[in-house]
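[1] Predicted model, plus sequence, below.
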Amino acid sequence: MDDRSCRRSSSNDGLTTSAPNNRYVKLNVGGSLFHTTIDTLSKHDSMLRAMFSGRVPVVRDDDGWVLIDRSGKHFGAILDFLRDGSITIPDCRVEVEQIKREAQYYCLQDLTNLCQTWLEAHPRFDLEMPLIHRVPTVYTRQDADALIKQSNRPVIKLFINRHNNKYSYTLNSDDNILKNQELFDRLVCKFHDRILFVKDVGSESTEVCQWKFYGKRILRAEVCCTSIVYATDKKHTKVKIVIQI
């Protein structure tokens with residue numbers, strides 16, 4: 001078939017230009033839509049090369065989109081690897097395992113090996129053993145500042161001071177403090193591998209409950225929740241948010 005025949009049939013085969021290897025193809029991968037070239041899909045010896053060389057049949061919808069029954073979540077990473085021969089591995093074991101499964105499906109052995117090397121360098125904890133997350137507790141501002149200066153990760157510091165005279169043991173005050181502590185604990189469990197969490201129980205602040213957020217060792221934002229007693233068993237909670245850019 002000559003080039004003119006290719007041009008005449010391009011409207012029906014999902015291709016949008018006529019150059020032999022630079023023709024664009026439309027891909028529908030699990031509902032996610034992608035445009036790329038035959039040249040990109042053929043760079044590596046993979047199932048995608050086989051699909052667009054005629055060795056493996058493809059399915060197209062009425063609009064010419066090539067249908068691939070896989071999740072499109074990481075197909076962008078697959079295309080990046082086809083284009084460049086490498087990708088930036090995400091710092092998340094679950095995502096790396098997902099990319100590896102997609103690489104195996106598309107028969108991209110080099111990408112499979114790249115993911116496997118990362119997984120071996122980041123061993124998984126035994127799920128049957130309880131995970132222990134260590135949170136440093138400080139009593140002075142100097143200790144807190146020292147931890148923040150030493151950390152290369154973002155820092156979240158929760159300050160709790162029940163000794164402050166603003167704090168009172170009303171019906172709601174304990175509940176509000178407990179809610180903040182429970183939120184802190186949940187964040188520790190979820191993000192302990194990416195964020196340094198610090199609990200400050202000192203008495204060098206006028207606040208009762210205060211959150212501080214640090215990025216690159218600089219205070220970026222703070223949330224101050226102060227309990228103020230107006231009458232017996234009646235309390236107003238004042239929330240002040242300060243964001244520093």
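    Everything's here; your move.
[2] now for this protein, which residue lies nearest the mean position of the chain?
    Closest to where the C-alpha atoms of the chain average out (Cα atoms, centre = their mean) is residue 92, at 7.2 Å.
[3] For residue 202, which non-adjacent residue is closest in space?
    residue 139 (4.6 Å; Cβ to Cβ, 6 or more residues apart in numbering). Every residue, glycine included, has its C-beta placed from N, CA and C.
[4] on that earlier part again, roughly how far does the residue nearest to the centre of the chain sit from residue 119?
    Distance, residue 92 to residue 119, by Cβ to Cβ, to the nearest Å: 11 Å.
[5] what does residue 141 give?
    Distance of residue 141 to residue 119, given as Cβ to Cβ: 41 Å.
[6] that older thread, check what pLDDT the residue nearest to residue 202 gets.
    Here, the pLDDT recorded for residue 139 equals 88.
[7] What is the neighbour count of it?
    Residue 139: 12 surrounding residues under other Cβ atoms under 10 Å.
[8] go on, residue 78?
    Around residue 78 there are 26 other residues, counting by other Cβ under 10 Å.
[9] State the pLDDT value of it.
    Looking at residue 78, its pLDDT stands at 97.
[10] In contact with it, which residues are there?
    Each residue near residue 78 by Cβ atoms under 8 Å, 6 or more residues apart in numbering is listed here: 99, 102, 103, 106, 108, 111.
[11] okay, now the domains of the chain?
    Domain assignment for the chain, taken from automatic domain parsing, gives 3-121, 137-243.
[12] Distance from the chain centre to the top helix by length along the chain, please.
    Longest among the helix segments of the chain by residue count, using DSSP state H, is helix 173-191. Offset of helix 173-191 from its chain centre (Cα atoms, centre = their mean, to the nearest Å): 22 Å.
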